[in-house]
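# Take this sequence and fold it.
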Amino acid sequence: MHTVAIIGAAYGDEGKGLATDFVCDYLKKKLNTSNGAVARFQGGAQSGHTVVTPEGKRHVFSHFGSGSLLGLSTILLKDFVCNPILFLKEYRELSSKIPKNDIPKVFIHPDCYITTPFEVIINRELERSRGNNRHGSIGVGFGETIEREESGGVSLRYSDLFLSERLIKDKLKDISLYFSDRMVQLGIVGFDHKSARSLISKNGDLLTTFSNFVKNTEAFSEKLNYDFLVFEGGQGLMLDKDWGDFPHVTRSRTGLTNIKNLFFDTGIELDTVIYVMRAYMTRHGAGPFPNEEPKENYPKVIDHTNKTNEFQGSLRFAPLDFNKIVQFIEADSWENGYHRSLYMMTCLDQLNDKVKLAFGDDIHILDKQYFIDSARRINQINSYGPTRDHVIKKGGVSIV
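The predicted structure is shown next:
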């Protein structure tokens, strides 16, 4: 089986959806097979990966893998956090773009954590309470779900959703008690419990939600009988919980760590890692961002995915710091064992005539064509637009 990992090399939003779609299409054609799958191995519903097909069909993937429009199944491994409410929302959106019978299957590891509205509420109220000292949460309950599981609170896994209605109700009751205790522990005062009940009730009966979630997914048996497997990372190396600027990090290892652990269990080996970066730096949410510049300095950037909201704010911009990115890539490689690595740069079509390049605090200004020529020399894969047809692989370079 051929295996490729797609890893974001910066703060997320590097173009991992585009990279995954491109690699899946490449492998289908090179291997002459559709027997492949995309595995999401960390992160959760907060990771929105955009794919635009050459025909103009667009979807932002959060639970489904970014090979879904190519007909490839998705595997959500045990370090992925599922949000059934947001999964069903995405399923409905995908159903409006392709026939329901053509939506590829989603296989879920029995140990995947399950987010409920309680974690979403805690997540949002905690972030609001921080005022100007926010950590950068997206507000979908990802971090609080992990907190509930790792702190010894009530556990709710994918396998639990197959229990009897009575046992699931008991778990939800225990989670509601945990919720109350957690709010007191965090010292969140003046909280509107009526609003919390409204948020929960507007999503309908949770038992019905869980039932529909289970009906539209399948349990993962750990039998990986595919011709190729693409591991699609969420977020980026600079948000890694061990390497990023704490506390402005995600509660996840964003590099190869979780994949390496899977390989120890299955004996699979990784063929290639593709580290993805934009031609400039972006970040959304709170946290340090060296050399940050106003959005007005990037007039050609049109991002329909990262819409401004209360929690992640607006997309932030800075010149590319390639040396810093390489430092994080090398750290990921050293920690997890050497793998064949390729670099992919996206958004080269969005550059101004003069391009800024950062070396720490030192900013250089280059002609656009010189920057693009340099990208062609350094990176094995470059993208000049939003679809896989805009991606150019350097001649002679094989992905597997």
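# list the helices and strands the lengthiest helix in the chain packs on?
As assigned by DSSP state H, the longest helix anywhere in the chain is helix 165-185. If you count contacts as 3 or more C-beta pairs under 8 Å, 6 or more residues apart in numbering; DSSP states H and E, helix 165-185 packs onto helix 117-129, helix 142-150, helix 206-215. Every C-beta, even on glycine, is put in place using the N, C-alpha and C of the backbone.
# and that helix with helix 117-129, angle?
Relative orientation of helix 165-185 versus helix 117-129 (axes from the mean of the first three to the mean of the last three C-alpha atoms, to 10 degrees): 10 degrees.
# May I have helix 165-185 as CSV, with CA atoms only?
Output of helix 165-185 as CSV, limited to C-alpha atoms (Å, rounded to 0.1, in the frame of the first residue of the first chain):
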residue,chain,number,x,y,z
GLU,A,165,-30.9,4.7,24.7
ARG,A,166,-31.0,4.5,28.5
LEU,A,167,-27.2,4.2,28.9
ILE,A,168,-26.6,7.1,26.5
LYS,A,169,-29.0,9.2,28.4
ASP,A,170,-27.1,8.3,31.6
LYS,A,171,-23.9,9.5,30.0
LEU,A,172,-25.4,12.8,28.9
LYS,A,173,-26.8,13.4,32.4
ASP,A,174,-23.3,12.8,33.8
ILE,A,175,-21.9,15.2,31.2
SER,A,176,-24.4,17.9,32.2
LEU,A,177,-23.3,17.5,35.8
TYR,A,178,-19.6,17.7,34.7
PHE,A,179,-20.6,20.8,32.7
SER,A,180,-21.9,22.5,35.8
ASP,A,181,-18.8,21.6,37.9
ARG,A,182,-16.5,22.7,35.1
MET,A,183,-18.1,26.1,34.9
VAL,A,184,-17.7,26.6,38.6
GLN,A,185,-14.1,25.4,38.4
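# So what touches that helix?
116, 118, 121-122, 125, 144, 147-148, 153-154, 156, 160-161, 163, 191, 206-207, 210 (C-beta atoms under 8 Å, 6 or more residues apart in numbering).
# Separate out the buried members of the residues you listed.
With burial judged by 16 or more other C-beta atoms under 10 Å, the buried subset of the contacts of helix 165-185 is 116, 118, 121-122, 125, 144, 147-148, 153-154, 156, 161, 191, 206, 210.
# Am I right that I274 is in a strand?
Yes: residue state for I274 (DSSP: H, G, I helix; E, B strand; the rest coil) corresponds to a strand.
# Could I get the pLDDT score of it?
Confidence at I274, expressed as pLDDT, is 98.
# Likewise for F220?
89.
# Next, count neighbours for it.
For F220, the count of nearby residues is 21 (other C-beta atoms under 10 Å).
# what's it in contact with, if anything?
Applying C-beta under 8 Å, 6+ apart to F220 gives the contacts 75-77, 107-110.
# just how off-centre is the host helix or strand of H59 within its chain?
Following DSSP states H and E, one finds H59 within strand 58-61. Distance, stretch centre to chain centre, for strand 58-61: 12 Å (C-alpha atoms, centre = their mean, to the nearest Å).
# pLDDT weak spots in this protein?
For the chain, the stretches with pLDDT under 70 are 190-204, 264.
# Grab the most central residue of it for me.
Geometric centre of the chain, nearest residue: G234, 2.4 Å, by C-alpha atoms, centre = their mean.
# in terms of contact, does it touch S47 like I think?
Yes: using C-beta atoms under 8 Å, G234 is in contact with S47, at 3.2 Å.
# quick one: common contacting residues for the two?
Common contact partners of G234 and S47 (C-beta under 8 Å, 6+ apart): 12, 40.
# For the stretch 251-400 of the chain, just list every one of the strands.
Along the stretch 251-400 of the chain, counting by DSSP state E, counting those that start in this stretch, strands occupy 272-278, 281-283, 316-318, 340-346, 354-359, 362-367, 381-383, 391-393.
# Going by neighbour count, list what's buried in the third one.
Counting neighbours by 16+ other C-beta under 10 Å, one finds that the buried residues in strand 316-318 are 316-318.
# do the fourth one as well
Within strand 340-346, the residues that count as buried by 16+ other C-beta under 10 Å are 341-346.
# For those residues, work out which two are farthest apart.
S341 and T346 (16.6 Å; C-beta to C-beta).
# and P247, what element?
Residue-wise, P247 maps onto no helix or strand under DSSP H and E.
# Quick check: the gap between it and R128.
16 Å (C-beta to C-beta, to the nearest Å).
# Outline the domain layout of this protein.
For the chain, automatic domain parsing gives the domain ranges 2-109+225-282+320-354+368-393, 113-218.
# just these: most buried one?
Sort those by mean neighbour count, taking mean count of other C-beta atoms under 10 Å, and domain 2-109+225-282+320-354+368-393 sits at the top with a mean of 20.
# Any chance of JSON lines for the buried residues of strand 340-346, columns distance to N225?
Converted to JSON lines, those look like this (distance: C-beta to C-beta, whole Å):
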{"residue": "S341", "distance to N225": "27"}
{"residue": "L342", "distance to N225": "26"}
{"residue": "Y343", "distance to N225": "31"}
{"residue": "M344", "distance to N225": "28"}
{"residue": "M345", "distance to N225": "34"}
{"residue": "T346", "distance to N225": "32"}
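# out of the residues you listed, who's nearest Q369?
Nearest to Q369, judged by C-beta to C-beta, of the buried residues of strand 340-346 is M345 at 14.9 Å.
# ok now do the closest one, which residues does it touch?
So M345 contacts 276-279, 375, 379, 381-383 (C-beta under 8 Å, 6+ apart).
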